[in-house]
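Chemist: build me a model from this:
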Amino acid sequence: MLIWGGEEAGFGAPGHAYDVSANAWSPMTLDGTPAPRSGHSAVWTCSELIVWGGRWPPDGEMDTGGRYSP
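Modeler: Got it, this is the predicted structure:
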């Protein structure tokens with residue numbers, strides 16, 4: 001499972017990946033290092049996670065994103 005940001009996680013929360021075999025979460029970094037955000041869109045392409053858009057309280061609506069390839 002891959003997660004990135006969100007209001008419940010806190011706007012400053014980084015993305016995390018869950019490793020089922022290790023039963024552990026590890027931080028992940030997206031190419032482009034998108035700023036923390038909430039209300040964004042994310043899609044899994046079968047090879048990478050793409051995050052785009054959303055909101056960040058100091059800046060409002062965002063038109064940036066990033067990619068994560070495990």
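Chemist: count of neighbours near Gly66?
Modeler: 18 (other CB atoms under 10 Å). The way it works is simple: take the backbone N, C-alpha and C, and place the C-beta from them, glycine included.
Chemist: what is it paired to in the beta sheet?
Modeler: Beta-bridge partners recorded for Gly66 (DSSP bridges): Val51.
Chemist: wait, it sits on Gly54?
Modeler: No: using CB atoms under 8 Å, Gly66 makes no contact with Gly54, being 11.5 Å away.
Chemist: can you list the residues that contact the lowest-mean-pLDDT helix or strand in the chain?
Modeler: The weakest-scoring helix or strand in the chain, judged by mean pLDDT, DSSP states H and E, is strand 55-56 (a mean of 80). Counting contacts by CB atoms under 8 Å, 6 or more residues apart in numbering, the residues outside strand 55-56 that touch it are 11, 35-40, 61-62.
Chemist: now, which of those residues sits nearest Ser26?
Modeler: Using CB to CB, Pro36 is the member of these that sits closest to Ser26, with 17.9 Å.
Chemist: and that closest one, what element?
Modeler: Using DSSP states H and E, Pro36 sits in no helix or strand.
Chemist: from the contacts of strand 55-56, which has minimum pLDDT?
Modeler: In terms of pLDDT, Phe11 ranks lowest among the contacts of strand 55-56, with 51.
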